[in-house]
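Q: need the 3D shape of this:
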Amino acid sequence: QQYTDRLRQLNCPDDEQRAKDEEIARLKDRLCSLQASSVEGQAKLDLAMESQAQELAQCKAHAERLQEALHEQHTSLRAQTAALSEARQTRDSLEAKWQETRAERQGGE
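A: Predicted coordinates:
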């Protein structure tokens, strides 16, 4: 009987060791779970960053198109302003000639 009890004691770890082993097993499971979550989280982050990079590229392309359009409008506006200025000068010149011709006619009568 003593031999059998001693054999059981040697084959079965004591309660403290068993508790430590269980805690180690729980911690290993938790570590595996955290690592899996970390990998999943990193994959989601990578996907989100790729999506944002694509969105940023689209925004940059749109901004470039808007800037080109603005430049074209600015160039057109400058041309229109120059044409308007020329038209005003022509009008002023014609008006001055008309006034001059009118004055000559009135003076000649």
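
Q: low pLDDT regions in this protein?
A: 1-14, 108-109 (pLDDT under 70).

Q: which stretches in this protein count as strands?
A: With strands called from DSSP state E, the chain shows none.

Q: can you pull out the helices in the chain?
A: Applying DSSP state H to the chain gives helices spanning 2-11, 15-108.

Q: next, format those as JSON lines and append mean neighbour count.
A: For every residue, glycine as well, the C-beta is placed using N, CA and C. Below are the helices of the chain laid out as JSON lines (neighbours: other Cβ atoms under 10 Å):
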{"stretch": "helix 2-11", "mean neighbour count": "8"}
{"stretch": "helix 15-108", "mean neighbour count": "10"}
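
Q: and residue 16, how far is that from residue 62?
A: Going from residue 16 to residue 62 by Cβ to Cβ, to the nearest Å gives 67 Å.

Q: what does residue 49 give?
A: 20 Å.

Q: go on, residue 100?
A: Relative to residue 62, residue 100 is positioned 56 Å away (Cβ to Cβ).

Q: now residue 104
A: According to Cβ to Cβ, residue 104 and residue 62 sit 62 Å apart.

Q: what of residue 95?
A: From residue 95 to residue 62 the distance is 48 Å (Cβ to Cβ).

Q: do residue 29 as well
A: 49 Å.

Q: do the same with residue 39
A: Residue 39 is 35 Å from residue 62, by Cβ to Cβ.

Q: and residue 92, by the same measure?
A: Distance from residue 92 to residue 62, counting by Cβ to Cβ: 44 Å.

Q: same thing with residue 71?
A: Applying Cβ to Cβ to residue 71 and residue 62 gives a distance of 15 Å.
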